[in-house]
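A.B. asks: can't give you the sequence, but here's the structure:
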């Protein structure tokens, strides 16, 4: 299998498990349309590609730095998740006649990019998957670049599938159902944040 195809497989497998980013993507796809959900997922795909870059090019110093700063990154991620959870719980459903601004899409992209980067265990997942595939740092820049591109496209593929599938149902849900979506997703995201903060605090103590 070529490095590009292996990258696609790795990116897809990293993105697919449902976590806080998945919940965010689902909620935004339902409440604000599949394009907003896609921008949410693409932020995570970009961060996945950045971690794939570190693994494929053998940037050991970057990996060590991220693991060394795991506590602070986890605290940042936990606080950010709590903020997003509370914001989701308090959010007002957008009116269908109001279009979503491009700045909001950028904010959706940036928020998930930062959230994914703030999870240093992602780089450990990449290292573990690389070992499972029998991969090491690539000697060829072309092969490493193909791997990184594959990781991004594989991750993006999952987010395209998820956002478009969920977005399909957005026009079929009543306002009452959407209110419940906000409550459930907001509570779930807040729960992820509290768990992240609790783990970070426990490791600190």
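C.D. replies: On my side now, so go ahead. Quantities reported herein were computed from a predicted structural model and do not represent experimental measurements.
A.B. asks: okay, residue 114: pLDDT?
C.D. replies: Listed pLDDT for residue 114 reads 88.
A.B. asks: Next up, the contacts around residue 11.
C.D. replies: 45, 48-49, 52, 150-158 (CB atoms under 8 Å, 6 or more residues apart in numbering). Where C-beta positions appear, they are placed from N, C-alpha and C, glycine not excepted.
A.B. asks: make that residue 80, sorry
C.D. replies: Taking CB under 8 Å, 6+ apart as the test, what residue 80 contacts is 111, 114-115, 118, 193.
A.B. asks: which SS class is residue 17?
C.D. replies: Under DSSP: H, G, I helix; E, B strand; the rest coil, the three-state class of residue 17 is coil.
A.B. asks: Distance check, it against residue 23.
C.D. replies: Using CB to CB, to the nearest Å, residue 17 is found at 12 Å from residue 23.
A.B. asks: which one of the two has more residues nearby?
C.D. replies: Applying other CB atoms under 10 Å to residue 17 and residue 23 shows that residue 23 carries more neighbours, namely 22 against 10.
A.B. asks: surely the more buried one meets residue 187?
C.D. replies: No. Using CB atoms under 8 Å, residue 23 makes no contact with residue 187, being 9.8 Å away.
A.B. asks: re earlier: just the contacts of residue 80 now: which is nearest residue 85?
C.D. replies: residue 193 (5.7 Å; CB to CB).
A.B. asks: Skipping adjacent residues, who's closest to that closest one in space?
C.D. replies: residue 81 (3.1 Å; CB to CB, 6 or more residues apart in numbering).
A.B. asks: Can you report how many residues lie near that neighbour?
C.D. replies: 26.
A.B. asks: Roughly how far does it sit from residue 141?
C.D. replies: Between residue 81 and residue 141 the computed distance is 36 Å (CB to CB).
A.B. asks: Next: residue 40.
C.D. replies: 31 Å.
A.B. asks: coming back round to it: ranking the contacts of residue 80 by neighbours, who comes first?
C.D. replies: Neighbour max across those (other CB under 10 Å) = residue 115, 25 neighbours.
A.B. asks: Run through the residues that contact that one.
C.D. replies: 20-21, 43-44, 47, 77, 80-81, 84.
A.B. asks: Of those, which pair is most distant in space?
C.D. replies: Counting by CB to CB, the most remote pair of these is 47 and 84, 15.5 Å apart.
A.B. asks: quick one on the thing from earlier: and the contacts of residue 80 as CSV, adding secondary structure?
C.D. replies: Below are the contacts of residue 80 laid out as CSV (three-state DSSP):
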residue, secondary structure
111, helix
114, helix
115, helix
118, coil
193, helix
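A.B. asks: For residue 7, give me the backbone phi and psi.
C.D. replies: phi -60, psi -40 (degrees, to the nearest 10).
A.B. asks: Tell me if I'm right that it and residue 143 touch.
C.D. replies: No. Using CB under 8 Å, residue 7 is not in contact with residue 143; the gap is 9.9 Å.
A.B. asks: what about the two, which has more around it?
C.D. replies: More crowded of residue 7 and residue 143, by other CB under 10 Å: residue 7, with 29 against 17.
A.B. asks: Sounds good, over and out.
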